[in-house]
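A.B. asks: pasting a predicted model and its sequence here:
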Amino acid sequence: MEDRGNDGDRLARYHRKRRFDTTDEPRGESAGPTAEPSFVIQIHDARRMHFDFRLEVDGVLRSWAVPRGPSTDPGDKRLAVPTEDHPLEYREYEGVIASGEYGAGPVIVWDQGTYRPLGGGGVADFAAALDRGHASFRLDGRKLRGAYALTRFRDGRDGSAEAWLLVRKTGPGSSRSGPATPDPRRARSARTGRTLSQVARGTPERSMPDHGSGRVHRSEGNDHARRRP
């Protein structure tokens, strides 16, 4: 299974992979936990385009790379590959990771908000549920709202890579028709309204209103536009 370090240094792998005299990514020295556990979904145009799905757990962001992104269709089973824990400050990170650095390329915050563990155990038992390989939770984000589950189907003990599935549960907000995942190249940041290409070009940030409904903003209505052939 993913080596997440010991309780004393959950961010050891994160720090080893980065040169902080070059990258502008946060070191992980200041942010504290929120009243409700948070989540963030970032789109990252690195060597391979992917979505990063992160949940606040035990003072860090437990993280998975989701190549095709989260879906609102309960029929979609999305591969989620665990990565190193990230600091809580990464909830707000949007920018360009410098060339030559680990994960070089632009990053946007596609969605962010809070989540609630399901199943009656509460936040205290959520980390243990993840360690056992299955956890259900309800997202309350600017774009995504509803219940999801993360399930480990390969633990990596045989030398293969650890792998999980991220699946939307049936319920309000789920959909089996129409585009269920945003086009990453057209998607806009929930924080600044920018696309990946605008972040790469250094387009100035602009503040995005918090509508509180969890629905996609009008200015982000092309998130789900189909890619050109």
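C.D. replies: In hand now; what should we look at?

A.B. asks: could you look up the SS state of Ala127?
C.D. replies: Secondary structure, DSSP: H, G, I helix; E, B strand; the rest coil: Ala127 is helix.

A.B. asks: what of the one 4 residues further on?
C.D. replies: Under three-state DSSP, Asp131 falls in the helix class.

A.B. asks: read off the pLDDT value for it.
C.D. replies: Looking at Asp131, its pLDDT reads 95.

A.B. asks: so how many other residues sit close to it?
C.D. replies: Asp131 has 12 neighbouring residues, counting by other CB atoms under 10 Å. (Each C-beta comes from the backbone N, C-alpha and C, glycine too.)

A.B. asks: over to the one 3 residues further on?
C.D. replies: Using other CB under 10 Å as the criterion, His134 is surrounded by 14 other residues.

A.B. asks: this structure: helices as residue ranges?
C.D. replies: Using DSSP state H, the helices of the chain run over residues 12-16, 122-132, 196-201.

A.B. asks: Glu92: which of the ones you listed is closest?
C.D. replies: Closest to Glu92 of the helices of the chain, according to CB to CB: helix 196-201, at 13.6 Å.

A.B. asks: give the buried residues for that closest one.
C.D. replies: 196, 198-200 (16 or more other CB atoms under 10 Å).

A.B. asks: export the helices of the chain to a markdown table and tack on distance to Glu56?
C.D. replies: Shown next, in a markdown table, are those (distance: least, CB to CB, whole Å):
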| stretch | distance to Glu56 |
| --- | --- |
| helix 12-16 | 15 |
| helix 122-132 | 9 |
| helix 196-201 | 23 |
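
A.B. asks: which stretch in those helices has the least confidence?
C.D. replies: helix 122-132 (a mean of 91).

A.B. asks: and the strands in the chain?
C.D. replies: 38-45, 49-57, 60-66, 77-86, 95-97, 105-117, 134-141, 145-154, 163-168 (DSSP state E).

A.B. asks: JSON lines please, covering these and showing distance to Ala190 and mean pLDDT.
C.D. replies: Below are these laid out as JSON lines (distance: least, CB to CB, whole Å; pLDDT from 0 to 100):
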{"stretch": "strand 38-45", "distance to Ala190": "9", "mean pLDDT": "98"}
{"stretch": "strand 49-57", "distance to Ala190": "13", "mean pLDDT": "97"}
{"stretch": "strand 60-66", "distance to Ala190": "16", "mean pLDDT": "97"}
{"stretch": "strand 77-86", "distance to Ala190": "18", "mean pLDDT": "98"}
{"stretch": "strand 95-97", "distance to Ala190": "15", "mean pLDDT": "97"}
{"stretch": "strand 105-117", "distance to Ala190": "5", "mean pLDDT": "97"}
{"stretch": "strand 134-141", "distance to Ala190": "8", "mean pLDDT": "97"}
{"stretch": "strand 145-154", "distance to Ala190": "13", "mean pLDDT": "97"}
{"stretch": "strand 163-168", "distance to Ala190": "18", "mean pLDDT": "98"}
